[in-house]
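> whatever this is, show me its structure:
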Amino acid sequence: MDKMNPNEINREPTIHNSNAPKEGQVLLDKENVIGETSAPKVATVPESQEISINYTSTDELWSRNEMIIDDIFAFSVAAEIIKDDDIEPCSINECTQRQDWPKWKDAIQAELNSLEKRSVFGHIIPTPPNVNPVGYKWVFTRKRNEKNEISRYKARLVAQGFSQRPGIDYMETYSPVMDTITFRYLISLAVSEKLEMRLMDVITAYLYGELDTDIYMKVPEGFRLPEAARNKRRGMFSVKLRRSLYGLKQSGRMWYNRLSKYLLKEGYTNDPICPCVFIKKSESGFAIVAVYVDDMNLIGTSEELQRTVNYLKREFEMKDLGKTKYCLGLQIEHNANGILVHQSTYTEKVLKRFGMDKAHPLSTPMVVRSLDIKKDPYRPKGDDEIVLGPEVPYLSAIGALLYLAQCTRPDISFSVNLLARYSSAPTWRHWTGIKHVLRYLRGTTDMGLFYSSESTNAQSIIGYADAGYLSDPHQGRSQTGYVFTCGGTAISWRSTKQTLVATSSNHSEILALHEASRECVWLRSVIHHIRSTCALPSTTDTPTILNEDNAACIAQITGGYIKGDRTKHISPKFFYTHELQKSQEIKVRQIRSSDNLADLFTKSLPKYTFQRLVHGIGLRQLCKQSS
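Reported below is the predicted structural model:
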């Protein structure tokens with residue numbers, strides 16, 4: 001790409017007319033806006049690697065042997081898919097070559113105005129001795145609404161925090177964010193208590209944070225140097241940051257500390273069990289502020305909600321987005337009978353990205369597995385089989401599906417967990433399994449979790465736990481599955497391979513019940529804090545029902561660990577559930593295997609059984625919410 005002619009002044013973002021900058025003021029130098037562009041790179045892909053989800057723009061490769069398949073990886077893949085096929089520009093130079101340059105120009109102007117308004121920068125000065133200033137980069141993105149329409153152009157001047165030194169440039173970096181389980185519970189609470197939901201967006205949130213260390217940044221290209229330094233080398237100068245900036249390692253923490261301090265001062269309360277949920281109770285009602293970085297979901301009664309909005313606007317520049325319709329990547333459909341939470345737009349993008357948007361739909365996410373391990377289509381790679389080539393995006397597909405399974409589609413949790421095990425050496429059999437899941441999504445694109453306002457015992461949570469004994473016969477491991485419903489719809493679930501080799505089905509069920517019990521304790525704590533602070537009737541005064549279908553396991557949990565020949569090897573820590581029963585926090589109840597909703601998370605199931613359990617955990621399609 002050629003450099004832009006600096007004489008094309010009308011295409012450049014103009015910031016100030018004065019040649020004498022004030023402290024904290026930044027001037028744009030038109031002759032230094034555009035940096036050098038690099039020639040395209042040609043990469044040779046080694047074995048055991050594959051091209052990344054954003055390979056066309058970054059040339060990044062992923063090692064199948066080293067990649068950690070976790071929530072962070074899933075979110076990063078989803079973020080690339082959400083960006084759509086139209087790649088965002090990487091520099092101001094690229095922005096100027098696009099048809100939508102006027103909108104990017106306005107976004108750049110708005111960002112620099114915000115930097116000046118928040119007094120982010122001090123004077124441009126010679127770099128002090130023994131100081132390594134951090135670099136910078138312009139990042140451009142377009143925000144989209146629930147219909148995938150572009151709602152806003154954003155430009156960010158981002159610090160390259162990877163060059164920061166621990167203990168010198170930053171101390172603590174951890175900043176809590178609201179998890180999707182808490183958010184799903186709050187949605188069910190809003191439905192059952194008939195509360196309002198509003199979404200607020202803080203404009204340039206990180207610029208409000210105050211830094212806890214002295215940090216200098218290189219003078220960005222386009223920022224005009226003082227007259228006295230015009231004949232000196234640009235690299236000799238830097239600018240001290242007065243406020244946190246996007247990209248710094250501690251910025252998220254600084255912003256959370258600033259917001260938390262402001263809300264607590266006004267009488268809002270939060271708890272370490274859910275630090276991103278702030279609640280204030282008054283005579284007129286209550287308001288819940290659920291924080292995810294710069295997005296704030298406000299849930300509560302009308303009058304108190306408006307007071308909260310006014311209070312936040314007094315301190316922060318905010319955009320009121322009205323009723324919550326799109327948050328954390330989730331689409332939220334409001335109707336008279338309840339709320340449907342789905343990801344149909346994201347699902348369609350996933351199908352299109354992997355060329356399955358016109359595929360023939362299937363009724364289940366995976367085939368029923370063969371009892372013969374040699375015929376199991378999900379067995380590990382054989383000696384005579386070839387690993388998929390680097391051009392097959394197996395890791396990308398796993399990340400995209402994992403994000404979906406964790407947010408709104410528990411029905412694909414088991415199949416995604418099973419296929420993720422083979423990400424280090426996938427074969428065409430495993431890729432066929434990926435395509436099977438995508439074909440299932442093709443027919444259920446608009447399926448999501450429906451929280452009904454007509455449910456009985458709407459705020460009582462009920463748990464289901466199950467184990468698939470020798471679900472992985474190739475390594476002798478079993479599968480843990482559990483799900484917790486609130487008002488008949490899932491709010492928390494898990495499907496994972498057990499880390500221990502269970503010696504019997506009874507043993508595997510005890511391990512599964514242990515994991516479900518731990519989740520139950522956390523859920524009860526979160527729900528108790530929210531409801532008690534809002535002065536709502538408690539739902540945790542009585543034990544939480546935890547359903548299990550193994551009679552021997554229930555008898556053993558009820559009686560405590562028994563030193564018999566068949567059970568003496570089981571660690572006492574797995575009888576934590578027994579202690580919870582004694583303290584009246586949970587009550588393990590036996591149900592028939594056919595009624596155990598957690599069966600969905602432990603094995604592949606026939607069509608009729610699968611669809612019945614999917615309906616049982618509250619999954620509905622957009623046009624069939626009330627059925």
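
> I figured residue 588 hits residue 555, correct?
No: counting by C-beta atoms under 8 Å, residue 588 stays clear of residue 555, with 9.9 Å between them. All C-beta atoms are positioned from the backbone trio N, CA, C, and that covers glycine.

> and these two? which has more neighbours close in?
Comparing residue 588 with residue 555 by neighbour count (other C-beta atoms under 10 Å), the higher total belongs to residue 588, at 23 against 13.

> which of the residues in the lowest-mean-pLDDT helix or strand in the chain are buried?
Taking mean pLDDT, DSSP states H and E as the measure, helix 55-58 is the helix or strand of the chain with the lowest mean score, a mean of 79. Buried residues in helix 55-58, counted by 16 or more other C-beta atoms under 10 Å: residue 55.

> same check, this time on stretch 353-365
Going by neighbour count (16+ other C-beta under 10 Å), the buried part of stretch 353-365 is 353-354, 356, 359, 362, 364-365.

> measure that stretch end to end?
When the termini of stretch 353-365 are compared using C-alpha to C-alpha, to the nearest Å, they are 18 Å apart.

> so for it, mean pLDDT?
In this model, stretch 353-365 has a mean pLDDT of 95.

> enumerate every residue touching residue 569.
For residue 569, the contact set (C-beta atoms under 8 Å, 6 or more residues apart in numbering) comprises residue 503.

> how about it, secondary structure?
Classification of residue 569 by DSSP: H, G, I helix; E, B strand; the rest coil places it in coil.

> for residue 104, see how far away it is.
According to C-beta to C-beta, to the nearest Å, residue 569 stands 65 Å off from residue 104.

> got it, and residue 429?
Taking C-beta to C-beta as the criterion, residue 429 is separated from residue 104 by 46 Å.

> more neighbours, these two?
Remark: of residue 429 and residue 104, residue 104 carries more neighbours, 23 against 16, as counted by other C-beta under 10 Å.

> so where does that one fall, helix or strand?
Element membership of residue 104, judged by DSSP states H and E, is helix 101-117.

> any buried residues in that helix, and which?
101, 103-105, 107-108, 110-112, 114-116.

> and stretch 155-166, what's its mean pLDDT?
When pLDDT is averaged over stretch 155-166, the result is 90.

> could I have the CA atoms of that stretch written out in CSV?
Presented in CSV, the C-alpha positions along stretch 155-166 are these (Å, rounded to 0.1, in the frame of the first residue of the first chain):
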residue,chain,number,x,y,z
ALA,A,155,-10.7,4.2,17.2
ARG,A,156,-8.4,3.6,20.1
LEU,A,157,-4.9,4.8,20.8
VAL,A,158,-3.6,1.7,22.6
ALA,A,159,-0.4,1.3,24.6
GLN,A,160,1.7,-1.7,23.8
GLY,A,161,1.6,-3.1,27.4
PHE,A,162,3.7,-6.2,26.5
SER,A,163,6.8,-4.1,27.1
GLN,A,164,5.9,-3.2,30.7
ARG,A,165,8.1,-4.7,33.4
PRO,A,166,6.4,-6.3,36.4
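
> now do the contacts for the residue nearest to residue 560 when sequence neighbours are not counted.
Sequence neighbours aside, residue 578 is the residue nearest to residue 560 in space, at 4.9 Å (criterion: C-beta to C-beta, 6 or more residues apart in numbering). The neighbours of residue 578, taking C-beta under 8 Å, 6+ apart as the test, are 557-561.
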